[in-house]
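Novice: Need coordinates for the following:
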Amino acid sequence: MQKRSKTSAKCPIICTWKYMISFGQLIRSFDVNKPGAEVDDLKGGVAGGSILKGVLKVGQEIEVRPGIVSKDNEGRLQCRPLLSKIVSLYAEQNDLAYAVPGGLIGVGTKIDPTLCRADRLVGQVLGEVGALPEIYTEIQITYFLLRRLVGVRTEGDKKGAKVAKLTKNEMLMVNIGSLSTGGRVLAIKDDLAKIQLTNPVCTEVSEKIALSRRVEKNFRLIGWGEIRRGTVIKPQVEIPTTRTIHNN
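Specialist: Below you'll find the predicted structure:
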């Protein structure tokens, strides 16, 4: 080994810059404006949650899905994603220029504060414009049921009560990410089930979900599943698609 020697080398491969898609699950949302605040002093809504992948930074254009959910004249669900901009990022009491996965992050936006009041954005997904997953109203899953209920016992039995099989048209509570919504079982075949969701959800194929059933006036965990496919609802707002890889 030679010391104090100068060496140089060339990389034969042209490096490319990879774009990092960023999004996270929202578990809280707030209106930070005090009652009676002047119009010029009003601030946008604040969303709180965990970043799943990528990086969020101040000044970044963002999208919130599913956004505003409504029904048309025929009773079909419609979704209008919220487009905004990040004006601040906080972790506990620290003001951040950018945020990465890990821990809880507060995201200050320019969204109408009335849409963020009282945790109205809970269960939605925030991230890079055009890079978020699809919005589903129905999902097809492979599911696995527990043998016995957790925390529920039948009289005279030391073990928990047995979990009954799923039945058609049964109503369940489905947990997908940070969203808890109702789900009606439309069809069952072997370990496959098709579920119609009460509220649309922004999620990905292969996402794990939890299934709960009402037992003695309370919902109890009965199993879990994995999304295989589903019925996608297109957003009303035309949103450009973000490229995932880009060459210098």
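Novice: Buried residues in the longest strand seen in the chain, which are they?
Specialist: In the chain, ranked by residue count with DSSP state E as the criterion, the top strand is strand 218-232. Judged by neighbour count (16 or more other Cβ atoms under 10 Å), strand 218-232 contains these buried residues: 220-225, 227, 230. Quick note: C-beta positions are derived from backbone N, CA and C, even for glycine.
Novice: same thing with stretch 168-186?
Specialist: Residues of stretch 168-186 classed as buried: 170, 172-179, 181, 183-185 (neighbour count, 16+ other Cβ under 10 Å).
Novice: So what are the sheet partners of the longest strand of the chain and their directions?
Specialist: Paired strands of strand 218-232, with direction, are strand 135-145 (antiparallel), strand 208-215 (antiparallel) (DSSP bridges).
Novice: domain parsing for this protein?
Specialist: Taking automatic domain parsing as the domain assignment, the ranges for the chain are 17-132, 135-232.
Novice: a markdown table please, covering those domains and showing mean pLDDT.
Specialist: Shown next, in a markdown table, are the domains of the chain (pLDDT from 0 to 100):
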| stretch | mean pLDDT |
| --- | --- |
| domain 17-132 | 90 |
| domain 135-232 | 91 |
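Novice: quick revisit: quick check: the two most widely separated of the buried residues of stretch 168-186?
Specialist: Greatest spatial distance in the buried residues of stretch 168-186: 170 and 178, 23.8 Å, computed using Cβ to Cβ.
Novice: if we can go back for a sec, sitting in strands, which of the buried residues of stretch 168-186 do you find?
Specialist: Among the buried residues of stretch 168-186, the residues falling in strands (DSSP E) are 172-176, 179, 181, 183-185.
Novice: Would you check that residue 122 makes contact with residue 47?
Specialist: No. If you go by Cβ atoms under 8 Å, residue 122 and residue 47 don't touch, sitting 9.4 Å apart.
Novice: Let me see the contact set for residue 64.
Specialist: By Cβ atoms under 8 Å, 6 or more residues apart in numbering, the contact list for residue 64 reads 26, 47, 81-84, 111, 121, 124-126.
Novice: Just the buried ones from those?
Specialist: Restricting the contacts of residue 64 to buried positions leaves 26, 47, 81-82, 84, 111, 121, 124-126, with burial counted as 16+ other Cβ under 10 Å.
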